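Sequence first, predicted coordinates after that:
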Amino acid sequence: MRHEESSHHRRLAAPLLDPAAHSGSTVTPSSTAAPATACGTLEDPGVLLCPTCSTPLADGAHLGGSDAPGLPGSSDDRLVAALRASESRFRAAFCDAVIGMALIDPEDRIIEVNPACAALIGRGVGELARTPLYEIIDPEGMPHRLFDELVHGGRERFRVEKQLKHREGHTVWSKVTVSLIRDPAGQPLYTLALVEDITEQRRLGDRLEYQALHDPLTRLPNRTLFFERLDAACLPAVEEPVHRRTGGGDGSSDGSVTSTDGRRVGLCYLDLDGFAAINETLGHHIGDQLLIAVAARLRGGLSGRDTDLVARMGGDEFAVLVTDSSGDEQLTALAGRILEVLERPFDVAGHRLVITASVGVVERSVHETTPTDLVKDADATLYWSKADGRARWTLYDPDRGAHQLTRQLLATALRPALERGEFTIEYQPLVSLADGTVHGAEALVRWRHPRYGTLSPDRFIPLAEESGAIVPLGKWVLEESCRQARRWLTEFPDTETFVSVNLAARQIWDSDVVADVARALEHTGLPARLLQLEITESALLGPGGRPLQALQALADMGVRIAIDDFGTGYSNLAYLSRLPVHVLKLDGTFIEGFRDPAPAPAAAVGPAGAAPSATPSGAVGASAAVGTAEADRPGRPELRSRRSDADEQIVGAMVQLAHTLGLTVTAEGIESAAQAERLRLTGCDTAQGWYFARPGEAELVAAILREGRPTPTGR
């Protein structure tokens, strides 16, 4: 096929052929064409072939024909014509290609570029000739090793993404494929660069990367970018050998290695207080706008250092990462500034909103932490801040963290411990103040923990209620207690000693407690009248009707119902007449005023209605310790006297009210004969405490029943 050459093509093609070709000498191609030599076929070495497409130049054309050189129709003319046609085709492809192409000499100077390459950087084809390559390509990051291998013949091609310098000053991202062109002897001659514009692809990639690393609502960095920066901040420095002189003084090194990493990292983890209420009352669109305003205020108010990062972690939680921190003081000052920044009201969509934040602060050395531990401790500290009252910052406390860890370990181990039989029940007698006989016993569950020893209920019952383990644990305690009460009834049929079992509010909500009690009574054969269930006043008198319905059903079965810790909850006395209640158990704080004037050692005072905590520390109940300290304060006898009189009047009034309603009254925490006597004079019916007996095995109650009454052990 004949190719029509443009004037531009003819201009570029003209110098490609050496005039010596007309005299039969070797043809020298241009810089862009591969060296071409007419050759014959294997069948007929004399047939002339096109140097590019390997087709015969003319039918019957042979090398070494009889035509005289230089004359029309000679072999040289046909070869020159073929070379010109081939050069024209390649020149058309070079000039009309939509991808940029540049031919580069061994000195990294541009020999020739096509219009597409010149347009890519806003220049003309002619002005780029002999231009150094690095005037248009950013040399930074250039793979010099690969380029050196290429130009020296050790590599045929390589690809790289590079920035081109446009005439107007902006950057053009390109994908450059550099290939080696060799001479007829196979030696490196030129390099050919194919340049593809990928600026739009890069912009799209940058947008996708930004979206992947930033929160779409607030435009702050998101969790992914936050953890990338945190991981980078916590990377350990390279350890360096430290050469110390040995004792011999010869200057030799002992080969020890130490870390020279003194970097520190800090984190402020914050959560907006009451944000859920704003979403619920004003709508999520208002909540979103508030989050945008909070993010803008944090970004503007905390932009002190470029190394600090403000990120949205999700929901209404934000984090401020401080790399290379200087200590706790810097982080606590930053936390205080966060609270100041957020304390001003926000005007959002016509609403004036006041919002506060709780902040957890963690700061430590890089080599003492990991990103996971840092975030975990910051999150825990945030919730300490909320538990301490909100609108404040809290610095991480390792001791408090260890306590929280212990709580978590205990909460996790509760259900397996129940399956392994690690729980046991102790019983504390309930004694009549009128005649000193035992009417019943309260069941107190203990955890025989293999690591922490015997744990009292205050150590694990709250955890069981939070985790829901209180339901299976409560069922086990109920059935075991009923079984033990049945044994007492069998051995002492005339006493009819009842057992009192604590009932958690969650057992009523999460379980069919009526069915559970009926099943326990049926399995153990215990009469319903010998089972007493204790429920706290706050749970009984709180909102909702389900507890009252369940307790009414239990009372209809014949089960005794007692309000535990009476006087610490709602104290709605008028409500008592409508409750299915049989017993009021007075809170131990009311009994403190009944102590005799002689101060008692704090170690002899136990928590109200419970055994001392068998923890390794041996600490006693907090309420009893506080009461003792108040009563034993020197120089204040009139205060003790007034409090004693007031407590006695209050207890007397509650006893009279209870008796008017047909209820009996039980006092907890009796520790002396004087207390017992003064309570008896108020009309209190039964009592329990260390004065009568400490909690113990079921045999303790059986021994007392055999003797007829307990032997007082208190003062």
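Received, thanks. As the structure is a computational prediction, the values presented were derived from the model and not from experiment. Residues are numbered from 1 along each chain as shown.

Low-confidence stretches in this protein?
Applying pLDDT under 70 to the chain flags the ranges 1-74, 138-148, 150-151, 237-261, 303-307, 538-546, 567-575, 595-644, 713-715.

let's go with 50 and repeat that
Low-confidence segments of the chain (pLDDT under 50): 1-45, 49-54, 57-68, 70, 240-253, 255-260, 597-635.

Run through the residues that contact Asp556.
Residues in contact with Asp556 (Cβ atoms under 8 Å, 6 or more residues apart in numbering) are Pro580. Heads up, the C-betas are built off the backbone N, CA and C, glycines and all.

Am I right that Ala232 falls within a helix?
Yes - under DSSP: H, G, I helix; E, B strand; the rest coil, Ala232 falls within a helix.

From Arg263, how far off is it?
If you measure Ala232 against Arg263 using Cβ to Cβ, to the nearest Å, the figure is 11 Å.

Neighbour count for these two, which is higher?
Counted by other Cβ atoms under 10 Å, Ala232 and Arg263 do not tie: Arg263 has more neighbours, with 16 against 10.

Ignoring the adjacent residues along the chain, who's closest to that one?
Excluding its sequence neighbours, the residue lying closest to Arg263 (Cβ to Cβ, 6 or more residues apart in numbering) is Val366, at 4.6 Å.

and Arg706, how many residues sit next to it?
Neighbours of Arg706 using other Cβ under 10 Å come to 9.

give me every residue that touches the closest residue in space to Glu135 that isn't next to it in sequence.
What sits nearest to Glu135 in space, not counting adjacent residues and going by Cβ to Cβ, 6+ apart, is Lys165, at 7.3 Å. The neighbourhood of Lys165, defined by Cβ under 8 Å, 6+ apart, consists of Ile121, Glu135, Ile136, Ile137, Asp138, Thr171, Val172.

which among these end up buried?
Those of the contacts of Lys165 that meet the buried threshold are Ile121, Ile136, Ile137, Val172, by 16 or more other Cβ atoms under 10 Å.

Let me know the secondary structure of the closest residue to the last one other than its chain neighbours.
Excluding the flanking residues, the one nearest Val172 by Cβ to Cβ, 6+ apart is Leu164, at 4.2 Å. Leu164 carries the three-state label strand when classified by three-state DSSP.

Could you pull up the residues touching Leu164?
So Leu164 contacts Leu120, Ile121, Ile136, Ile137, Asp138, Thr171, Val172, Trp173, Ser174, Val195 (Cβ under 8 Å, 6+ apart).

Which of these fall within strands?
Counting by DSSP state E, the part of the contacts of Leu164 found in strands is Thr171, Val172, Trp173, Ser174, Val195.

wait, which of those is closest to Glu707?
Glu707 has its nearest neighbour among the ones in strands among the contacts of Leu164 in Trp173, at 95.8 Å by Cβ to Cβ.

does the closest one really touch Glu161, like I thought?
Yes - Trp173 sits in contact with Glu161 when judged by Cβ atoms under 8 Å, with a separation of 6.7 Å.

which residues do those two both contact?
Shared contacts of Trp173 and Glu161, counting by Cβ under 8 Å, 6+ apart, come down to Ile198.

more neighbours, the two?
Trp173 (18 against 13).

Beta-bridge partners for the more buried one, please?
Bridge pairing for Trp173 (DSSP bridges) gives the partners Gln163.

Check Ser358 too.
Beta bridges link Ser358 to Asp271, judged by DSSP bridges.

That one and Ala391 touch, don't they?
Yes - using Cβ under 8 Å, Ser358 is in contact with Ala391, at 6.9 Å.

where do the contact lists of the two overlap?
Asp273.

Those two - which one has more neighbours?
Neighbours per residue (other Cβ under 10 Å) separate Ser358 from Ala391, with Ser358 holding more: 24 against 17.

Could you check how far that one is from Arg297?
Counting by Cβ to Cβ, the gap from Ser358 to Arg297 is 17 Å.

same thing with Asp328?
As judged by Cβ to Cβ, Asp328 and Arg297 stand 25 Å apart.

Show me what stretch 415-429 is in contact with.
Residues contacting stretch 415-429 (Cβ under 8 Å, 6+ apart): 438, 440-450, 469, 472-473, 476-477, 480-481, 484, 499, 609-611, 688, 692-698, 700-701, 704, 710.

Now go through these and say which are in helices.
Pro472, Leu473, Trp476, Val477, Glu480, Ser481, Gln484, Ala698, Leu700, Val701, Ile704 (DSSP state H).

Give the closest residue to the fifth one in space, chain neighbours not counted.
Leaving aside its chain neighbours, Glu480 sits nearest to Ile425 (5.6 Å; criterion: Cβ to Cβ, 6+ apart).

Same check on the fourth one?
Of all residues beyond its chain neighbours, the one nearest Val477 is Val445 (5.2 Å), with distances taken as Cβ to Cβ, 6+ apart.

sorry, back to before: adding distance to Pro371 as columns, could you present the contacts of Lys165 in TSV?
Converted to TSV, these look like this (distance: Cβ to Cβ, whole Å):
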residue	distance to Pro371
Ile121	44
Glu135	44
Ile136	43
Ile137	39
Asp138	34
Thr171	34
Val172	38
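
between the residues you listed, which is nearest Leu681?
Distance to Leu681 across these (Cβ to Cβ) is lowest for Thr171, with 95.5 Å.

returning to that earlier point: now list the buried members of the contacts of stretch 415-429.
Among the contacts of stretch 415-429, those classed as buried by 16+ other Cβ under 10 Å are 438, 440-447, 449, 469, 472-473, 476-477, 480-481, 484, 499, 609-611, 688, 692-696, 698, 700-701, 704, 710.

how much space between Ser481 and Gln688?
Between Ser481 and Gln688 the computed distance is 15 Å (Cβ to Cβ).

can you give me the strands in the stretch 601-715 of the chain?
664-667, 686-687 (DSSP state E, counting those that start in this stretch).

Please put the alpha-carbon coordinates of the first one into CSV.
Extracted C-alpha coordinates of strand 664-667, given in CSV (Å, rounded to 0.1, in the frame of the first residue of the first chain):
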residue,chain,number,x,y,z
THR,A,664,-41.8,-7.3,110.8
VAL,A,665,-38.5,-5.4,111.0
THR,A,666,-35.0,-6.8,110.8
ALA,A,667,-31.8,-4.9,111.7
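
gap between that strand and the chain center?
49 Å (Cα atoms, centre = their mean, to the nearest Å).

Also stretch 517-524?
45 Å.

Likewise for stretch 505-522?
Using Cα atoms, centre = their mean, the distance between the centre of stretch 505-522 and that of its chain works out at 37 Å.

Next, the buried residues of that stretch.
The neighbour-count criterion (16+ other Cβ under 10 Å) identifies Ala505, Arg506, Gln507, Ile508, Ser511, Val513, Val514, Asp516, Val517, Ala518, Ala520, Leu521 as the buried residues of stretch 505-522.

Now do the contacts for the third one.
Right, the one you point to is Gln507. By Cβ under 8 Å, 6+ apart, the neighbours of Gln507 are Ile470, Val471, Gly474, Val513, Asp516.

Distance check, the residue nearest to Val172 against Asp197.
Applying Cβ to Cβ to Leu164 and Asp197 gives a distance of 9 Å.

intersection of neighbour lists for these two?
Leu120, Val172, Trp173, Ser174.
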